[in-house]
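> kindly return the folded structure for what I paste below:
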Amino acid sequence: MLLCDEPTGALDFETGRLVLQALAQVNRELGTTTVVITHNAVIAGMADRVIRLSSGRIVEESRNERPVSPDDLSW
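Numbers count the residues shown, from 1 in each chain. Purely as a prediction, here's the structure:
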């Protein structure tokens with residue numbers, strides 16, 4: 001399991017995308033569970049499963065039928 005707290009938080013867009021590409025590659029090649037905690041809602045587009053929290057409680061859970069590649073994200 002890989003836990004990533006704001007992995008792109010202090011990065012410029014291009015470097016952030018490189019980090020997300022690396023995370024996606026590790027997930028794909030090693031079959032790991034990767035948890036990304038972020039305030040950047042755009043990143044949720046690449047997730048298989050999205051859990052949204054508010055005040056420490058789960059308020060929404062969804063699955064992406066067609067997760068997008070990090071290459072297709074922009075913020």
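> pLDDT (mean, whole number) over stretch 54-66?
For stretch 54-66, mean pLDDT rounds to 96.
> should've said stretch 7-25
95.
> strands of the chain, start to end?
For the chain, applying DSSP state E gives strands covering 2-5, 34-37, 49-54, 57-63.
> can you say which of those is packed in most?
Most buried of these, by mean neighbour count (mean count of other CB atoms under 10 Å): strand 34-37, with a mean of 16. (C-beta placed from N, C-alpha, C; glycine too.)
> which elements pack onto that strand?
Packing partners of strand 34-37 (3 or more CB pairs under 8 Å, 6 or more residues apart in numbering; DSSP states H and E): strand 2-5, helix 13-30.
> in its sheet, what does the first one sit against?
In this case it means strand 2-5. strand 34-37 (parallel) (DSSP bridges).
> circling back: pick the most buried one from the helices and strands packed on strand 34-37.
Most buried of the helices and strands packed on strand 34-37 by mean neighbour count (mean count of other CB under 10 Å) is helix 13-30; its value is a mean of 14.
> mind saving the C-alpha coords of that helix as CSV?
These are the backbone C-alpha positions of helix 13-30, laid out as CSV (Å, rounded to 0.1, in the frame of the first residue of the first chain):
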residue,chain,number,x,y,z
PHE,A,13,1.8,21.5,-13.1
GLU,A,14,4.5,19.7,-15.1
THR,A,15,6.3,18.2,-12.1
GLY,A,16,3.0,17.3,-10.5
ARG,A,17,2.0,15.4,-13.6
LEU,A,18,5.3,13.5,-13.6
VAL,A,19,4.6,12.5,-10.0
LEU,A,20,1.1,11.3,-10.9
GLN,A,21,2.5,9.4,-13.9
ALA,A,22,5.0,7.6,-11.6
LEU,A,23,2.2,6.7,-9.1
ALA,A,24,0.0,5.4,-11.9
GLN,A,25,2.9,3.3,-13.3
VAL,A,26,3.7,1.8,-9.9
ASN,A,27,0.0,1.0,-9.4
ARG,A,28,-0.3,-0.6,-12.8
GLU,A,29,3.0,-2.6,-12.8
LEU,A,30,3.0,-3.7,-9.2
